[in-house]
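Undergrad: fold the following and give me the result.
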Amino acid sequence: MSQNNIPVLDLKPQYDSLKAEIQVAISRVLESGQFIMGPDVKLFEQEVAEYLGTRHAIAVNSGTDALVIGLKALGIGEGDEVITTPFSFFATAESISNVGATPIFADVNPNSFNIDPEAILAKITPKTKAIMPVHLYGNPAAMTAIVDIAQGHNLKIIEDCAQSFGARYYGTCSACNDKCPDTTRTAITGKQTGTIGNVGAYSFFPSKNLGAYGDGGLIVTDDDQVAETARMLRVHGAKKKYHNEVLGYNSRLDTLQAAILRVKLPHIDQWNEGRRLVAKTYNQLLADVTGVVTPELADGHVFHQYTIRILDGKRDRVHKYLADKGIGTMIYYPIPQDRLPVYAGKYPANPISDELGTQVLSLPIWPELADEKITEITKALRTAIAES
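TA: Got it, this is the predicted structure:
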């Protein structure tokens with residue numbers, strides 16, 4: 001067993017580049033003594049709203065809370081159905097269940113890893129109230145078709161952007177083909193993920209492209225009423241302190257986290273471009289490897305994860321081989337949401353998601369990952385494939 005020398009993620013280069021600014025921001029908050037909803041929270045909301053191009057940005061405690069509060073603010077609850085992808089982290093479906101609604105799973109496109117619009121159409125019932133696409137691994141979902149479906153069936157859209165901060169939609173993934181209406185595509189091309197639907201929900205978990213030093217999340221919307229409701233819900237359902245109007249949550253972004261995120265936000269486009277360059281290098285080095293399917297380089301993809309598919313039942317052996325060689329990899333996600341114990345036996349099969357769960361492997365990626373390390377990783381991967 002070799003000691004890891006290439007982790008799946010290394011945040012130290014980022015911290016080293018910003019250390020002085022981070023220390024100033026932390027000291028400012030500590031000196032102020034305003035640790036909950038202090039001035040940096042409001043300033044971060046203003047700055048991130050401007051960056052994303054949205055009317056309202058509401059900072060909350062986590063990406064999961066952003067989904068839950070976003071759904072509640074849209075009026076989604078008991079008796080409603082929300083169509084989403086089975087191939088995502090459990091917070092996606094969990095948020096739907098936790099507001100009393102029922103998640104309905106529509107299978108994914110095997111190349112983009114994102115929900116298939118045609119599968120959405122097959123799942124719509126009179127109880128359907130919303131669609132929750134996930135921009136998985138930082139790759140924008142097929143929003144042209146999803147918007148068209150939502151408009152045609154009077155459905156809300158809440159975008160799960162936990163992995164896609166800074167991603168923009170251009171409609172160039174394999175699921176965004178000539179089936180997508182040109183008029184809708186023109187209207188949303190170039191928009192940030194999260195600003196296309198009715199609500200966008202982001203996570204600032206430390207490993208995200210824009211990560212805090214603890215939990216954090218964000219809700220965005222252009223709807224004034226939805227924003228007002230979300231702001232109430234994050235502070236126990238009150239517009240005015242001690243005048244609680246509805247049942248809400250304790251979901252406030254710490255001032256320290258907001259201050260740190262303010263330091264990081266101006267660098268996000270540069271970091272995302274660095275991730276794309278790493279992904280392009282991986283794709284070039286792995287282009288001729290039999291039994292490995294590399295991810296699409298769709299325009300606007302920000303590669304929160306660089307995820308390949310390993311065919312012929314070799315994934316787990318390759319995963320172990322790389323670990324033994326000191327190369328960190330992760331499996332996102334071995335069990336689709338609809339197959340988790342909490343939902344076991346309740347849903348029909350989604351065969352593409354089931355298959356992806358046995359194939360996907362995420363390789364190390366961060367903006368500063370050096371070419372020589374990428375070469376080392378891909379050489380080890382080639383050997384692993386050959387010996388498996």
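Undergrad: now do the strands in the stretch 151-300 of the chain.
TA: 156-160, 199-203, 217-221, 238-240, 243-244, 292-293 (DSSP state E, counting those that start in this stretch).
Undergrad: for the first one, packing partners?
TA: For strand 156-160, the contact count by 3 or more C-beta pairs under 8 Å, 6 or more residues apart in numbering; DSSP states H and E identifies helix 63-73, strand 128-132, helix 143-153, strand 199-203 as packing neighbours. C-betas here are computed from N, CA, C, even on glycine.
Undergrad: and if you look at the second one?
TA: For strand 199-203, the contact count by 3+ C-beta pairs under 8 Å, 6+ apart identifies helix 63-73, strand 156-160, strand 217-221 as packing neighbours.
Undergrad: residue ranges with poor pLDDT in the chain?
TA: 1-4, 176-181 (pLDDT under 70).
Undergrad: need the contact list for Asp215.
TA: Asn61, Ser62, Phe204, Phe205, Gln257 (C-beta atoms under 8 Å, 6 or more residues apart in numbering).
Undergrad: pretty sure the second one is touching Tyr202, no?
TA: No - Ser62 sits out of contact with Tyr202 when judged by C-beta atoms under 8 Å, with a separation of 10.1 Å.
Undergrad: between these two, who's got more neighbours?
TA: Neighbour count, other C-beta atoms under 10 Å: between Ser62 and Tyr202, Tyr202 has more, with 31 against 22.
Undergrad: and Ala93, which of the strands of the stretch 151-300 of the chain is closest to it?
TA: Of all these, strand 156-160 sits nearest to Ala93, with 10.2 Å by C-beta to C-beta.
Undergrad: what bridges to Val235?
TA: Beta-bridge partners for Val235, by DSSP bridges, are Asn250.
Undergrad: any idea how far apart the tips of stretch 143-163 sit?
TA: 16 Å (C-alpha to C-alpha, to the nearest Å).
Undergrad: cool, and stretch 298-305?
TA: 14 Å.
Undergrad: which residues touch it?
TA: Outside stretch 298-305, the residues that reach it (C-beta under 8 Å, 6+ apart) are 112, 137-140, 163-170, 172-174, 176, 193, 208-209, 272, 275-276, 278-279, 295, 330, 332, 362, 365.
Undergrad: mark which of those are buried, thanks.
TA: Among those, the ones that count as buried by 16 or more other C-beta atoms under 10 Å are 112, 137-140, 163-170, 173, 176, 193, 208-209, 272, 275-276, 278-279, 295, 330, 332, 362, 365.
Undergrad: show me what contacts the nearest residue to Gln192 once chain neighbours are set aside?
TA: Distances taken as C-beta to C-beta, 6 or more residues apart in numbering put Leu52 closest to Gln192, at 4.8 Å, once the chain neighbours are dropped. Taking C-beta under 8 Å, 6+ apart, we find Leu52 in contact with Gln192, Gly194, Thr195, Gly200, Val220.
Undergrad: just the buried residues of stretch 53-67, please?
TA: 54, 56-67.
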